[in-house]
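Asker: Can you look at this prediction? I've put the sequence above it.
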Amino acid sequence: MTLSLLVNEYYEFIKKIKDELNQLDAAQGDGDLGNTMVGGAKALKVEAENTKNIPDWLVEGGKAFRKAAPSTMGILIASAMIKAGKQQKENNRLEWSDIQKTMIEEIMKRGKASRGDKTLLDAFIPAVNAFEEASDQGVSIALKEAASTAKAEAEKTKNLNAKTGRSSWMGDRAKGNMDGGAWLCYKTYQFLADWVKYEEKKGEKS
Amino acid sequence: MTLSLLVNEYYEFIKKIKDELNQLDAAQGDGDLGNTMVGGAKALKVEAENTKNIPDWLVEGGKAFRKAAPSTMGILIASAMIKAGKQQKENNRLEWSDIQKTMIEEIMKRGKASRGDKTLLDAFIPAVNAFEEASDQGVSIALKEAASTAKAEAEKTKNLNAKTGRSSWMGDRAKGNMDGGAWLCYKTYQFLADWVKYEEKKGEKS
Amino acid sequence: MKKIMNTADQFVDEALEGIICTHWDALKFTQHDRRGVVRRRAPAKGKVAIATGGGAGHLPLFLGYVGEGLADGVSVGNVFTSPSADTMYEVAREIEGGEGVLFLYGNYFGDKMNFEVAKDMLEDEDIKTESVIISDDIASASRDKWQERRGVAGLYFAYKIAGAAAAKGHSLKEIKRVTEKAAENLATMGVAISPCTIPESGRSTFEIGENEMEIGMGIHGEPGIERDTLQTAREITKQIVDRLLSDINVRAEEEVAVLINGAGATPLEELYIVANETNKLLHSYEISIYSMKVGEYATSLEMGGCSISMCKVDEELKELLEAGAYSPFIRHEEGGSK
Amino acid sequence: MKKIMNTADQFVDEALEGIICTHWDALKFTQHDRRGVVRRRAPAKGKVAIATGGGAGHLPLFLGYVGEGLADGVSVGNVFTSPSADTMYEVAREIEGGEGVLFLYGNYFGDKMNFEVAKDMLEDEDIKTESVIISDDIASASRDKWQERRGVAGLYFAYKIAGAAAAKGHSLKEIKRVTEKAAENLATMGVAISPCTIPESGRSTFEIGENEMEIGMGIHGEPGIERDTLQTAREITKQIVDRLLSDINVRAEEEVAVLINGAGATPLEELYIVANETNKLLHSYEISIYSMKVGEYATSLEMGGCSISMCKVDEELKELLEAGAYSPFIRHEEGGSK
Ligand SMILES: Nc1ncnc2c1ncn2[C@@H]1O[C@H](COP(=O)(O)OP(=O)(O)O)[C@@H](O)[C@H]1O
Ligand SMILES: Nc1ncnc2c1ncn2[C@@H]1O[C@H](COP(=O)(O)OP(=O)(O)O)[C@@H](O)[C@H]1O
Ligand SMILES: [Mg+2]
Ligand SMILES: [Mg+2]
Ligand SMILES: [Mg+2]
Ligand SMILES: [Mg+2]
């Protein structure tokens, strides 16, 4: 099943960027963001093998992520996935744009942060906007746009003071460091864009 | 007073060999023999200023040594001094040969060690014998003989296994190291020999 | 990394197993989750249940505070990482005895969000919950933003007070009120001289020079307020105590409960040297010492350093601090202030 | 050398001052000597008085064992150095209550000779004394020469047993007999992974490679029996436990009291991992665990490592181990084996 393949690829991808994420987190947090994501992605992979559709996977995967890697990022991603999955189940349809927007809402509700606080939201919010704007050009282009926006915005977090999370205790000293969560957001969009492009190519060939 | 001058000199002398003693003790014990002797010699110096004769100084100095530096060497020297001092007071005469022999007896009684166990006794016992044998040639020569005997015997402790004290726990590994207490014994006789020689010279000159 | 352990993966699970096999008469795992530990006699019938939790590596925090006159259950995360909301939910379910659950923990984002998710899960089942979050590390934010501070060794006082109030049969609302009063009058600051290594990652929490110390460093190596050459116990104590007193606004004739906490590697001898300096300094300020605790209350594995905590006390807090408290790790005799 | 202290010279005196100002309700200095500490309610009227002593740097050893159901007084030396015979004499004089004094301490030459001199001084005043010297470190001599061994963490059991026997009003002779029985059935072995530094000299007790451990090392850095690459907690535990069991000759169905002791810097988490392995191993041998204590009982400042002690127990020893014991550092509830 495609979901299972995709999530498996994502797990492999996360393992490759684990050290990079740990290092970004170490500069202003506790250096475990990569570990969190490896643990979480592994749980997501297992759940993808056990669930039949995306909404179910969002809910069950979220729960599994939460158990496997309950750090700040872990509980935020998990809560966001569960919320988005439940909503999709209720609505009985799969809407990528809604999923992303619900995730952002839930992350903001749980984490009480907003754009500019030096979190993954600084990349996620503009990325979703870019995705929306480009979505009439197809999911491949939309993801590409989201990724390049997320990248640019993640890099801009270097200039910010953290207002939440561990790094907020660093005060001015967090300045100059890029937020690991924002970078993870870029990396994830990039991964998805590459995957879709690759799938499309495979489709053209066959 | 001569005693006070002598003990003051001894204190200065001990400070100079402190590190050497610590190092010898460190190789097979706990490396504090030099500290013990500095603390003890300082106490002896203070008591020498406060007491009027050698037997009193032996008793009061021993007690002060015991309080100031109560390690193995400290309590042995202190007990030996107190015993010798009390005996001299009872006998009402000052007999260097007796003092040394009484000290050896008391050390053996307290420490339950004998010659060959790799302790200061390995230098002290033969040194006192040498002192005795040469004593008819005058105290200067007798001390010189004692010192050279103590030196040779201290060096021989390298070949011994320790049977008592901290170093006994080292088993075979103590072999090759010279016993610090035995070396201290040589150094002390050497110091006394030098002092007497210097005093004699002063005497000749004046 | 030098640790007496089997594998880093099993570090926390095996330590917990060791705790339960040693203290089986006082503690047990929750039924479905071996990261949850509750009092042997759970649920807490006829009284409010107190649940705590946090990352491993801080013993006796958090698990050591499960006992009579203290907390009823604890969720244990990986080293320096929040436990999961699911474990928190399990623990609360098992200790809850009809009077509601107080979540009492230190202010870290991961823990807070997980406890909030657990709260939502319990509310879905009509279990009443409240939270009190301890934020006593004055190095991490200024007094006007005290609720953003990190939670550190001052947690001791919060457990003691909430636990005593619960044991006396007070209501959830009342326990929350009095514990929050203590929380607001609580201040801690630490000094670190050597880091610890996290077993899972092999990473040192910080780097520090052979002759340096960092004042205000947190219990996971969070940056402090000043790095300096190592000072004397007297100077360190003065620096910390003066800041604590001004933070919680203690004046001559007022009364404080004091806690001198070792970070892990620091010998008790050194903690008592700090206790001695603290005692002399407070006397010189004519501030009364209601009680003085010295020992390891919130550690960071083998980190070197210590912290001083102070809680400004009134009659109400003193009455609760005097109550008996008994866990396999923490003991306070009924009636004693010591 | 990184220490939280004022001057090395004052290290011990200030630590003692801190202990007395913190625990003034339980402990006091002897009248003439601030290296002697006795129970507040000394002399020990109507019972045998127990005096102990040794070098500083091992807290809770030795001072921490002064309390109810434990020792009555202690003499404190410089770090890792014997106290003086004079202090021992002062302490004994102040605690002695007509039934004689038991000197109970660990087997080190300096301490032994000083205690013997103190004994002579007391006998001159017709105060009855006896000595029991604990020598439990099986790495330091073979079983046939067990009385030549060093005294280490097994002292815990000796204090507990002698203290309980004294509290029950037993005679000096009887206390000596039962404590010696425990001493003979006692075995300890440790492992060290990092040294400590002696404040007075700035000297490290030993050197050890980044990936090495030494099995059998003493609490002053005395050489052990084997230097090896760091092994797992399971392997270390098996090595130590097997040697202990054969040393005190414990077989299936027999019963032991166990103590897992931290050397100073080793986190409680790691001690409980060792406790877990010990528990599993003894179960696999079908040896009963009468009691299991885990924590710091005899440290070496900030040394890294731990030791395991075992005491083979019979009904008589168990009854004494079950008695209550209460000091500011050590607590054992009446009736409990834990
Ligand atoms: N309140 C918040 N809202 C949204 N994201 C946050 C918040 N706090 C932190 N983050 C994100 O979480 C990342 C750190 O995640 P993680 O390493 O799991 O946290 P921790 O180890 O502190 O629990 C940060 O880089 C940031 O992007
Ligand atoms: N039983 C003994 N009898 C005589 N001398 C001894 C005995 N044990 C040790 N010594 C001497 O004491 C010296 C060590 O003294 P010191 O450093 O004060 O001991 P420690 O530090 O072990 O208490 C040894 O080098 C040895 O010469
Ligand atoms: Mg992190
Ligand atoms: Mg020595
Ligand atoms: Mg974390
Ligand atoms: Mg010594």
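Answerer: Right, received. Where do you want to start? Numbers count the residues shown, from 1 in each chain, chains lettered A, B, ... in the order given. Ligands and ions are numbered 1, 2, ... in the order given.

Asker: sec struct for the closest residue to residue C:194 other than its chain neighbours, please.
Answerer: When the adjacent residues along the chain are set aside, residue C:194 lies closest to residue C:304, with 3.5 Å between them (C-beta to C-beta, 6 or more residues apart in numbering or on different chains). C-beta coordinates here come from the backbone N, C-alpha and C atoms, glycine included. For residue C:304, the reduced secondary structure class is strand; criterion used: DSSP: H, G, I helix; E, B strand; the rest coil.

Asker: how about residue C:304, what does it touch?
Answerer: C:192-194, C:263-266, D:2, D:265, D:302 (C-beta atoms under 8 Å, 6 or more residues apart in numbering or on different chains).

Asker: Lowest-confidence one in these?
Answerer: Lowest in pLDDT among the contacts of residue C:304 is residue D:2, which has 94.

Asker: show me what contacts the closest residue to ligand 1 within the stretch 1-150 of chain C?
Answerer: Of all residues in the stretch 1-150 of chain C, the one sitting closest to ligand 1 is residue C:110 (3.5 Å; C-beta to the nearest ligand atom). For residue C:110, the contacting residues are A:70-72, A:74-75, C:81-82, by C-beta under 8 Å, 6+ apart.

Asker: Spell out which parts of chain C neighbour ligand 1.
Answerer: C:109-110 (C-beta under 6 Å from any ligand atom).

Asker: Tell me where the model's unsure across chain A.
Answerer: Across chain A, residues meeting the criterion (pLDDT under 70) sit at A:1, A:206.

Asker: If I follow the layout properly, residue A:120 ends up in contact with residue A:178?
Answerer: No. Residue A:120 sits out of contact with residue A:178 when judged by C-beta atoms under 8 Å, with a separation of 11.5 Å.

Asker: Those two: who's more crowded?
Answerer: In terms of neighbours (other C-beta atoms under 10 Å in any protein chain shown), residue A:120 is the more surrounded of residue A:120 and residue A:178; the figures are 30 against 21.

Asker: what about stretch C:43-56, start to end distance?
Answerer: Across its full length, stretch C:43-56 reaches 24 Å between end residues, using C-alpha to C-alpha, to the nearest Å.

Asker: tell me which element the residue nearest the centre of chain A falls in.
Answerer: Within chain A, one residue has its C-alpha closest to the average C-alpha position: by C-alpha atoms, centre = their mean, that is residue A:185, at 4.6 Å. Using DSSP states H and E, residue A:185 sits within helix A:180-205.

Asker: Could you list every helix and strand in contact with that helix?
Answerer: Using 3 or more C-beta pairs under 8 Å, 6 or more residues apart in numbering or on different chains; DSSP states H and E as the contact definition, the elements that helix A:180-205 packs against are helix A:2-28, helix A:33-50, helix A:121-134, helix A:139-156.

Asker: Now do that helix against helix A:121-134, angle only.
Answerer: 30 degrees (axes from the mean of the first three to the mean of the last three C-alpha atoms, to 10 degrees).

Asker: Just confirm yes or no for helix A:180-205 near ligand 1.
Answerer: Yes. Remark: helix A:180-205 sits within contact range of ligand 1 at A:180-182, by C-beta under 6 Å from any ligand atom.
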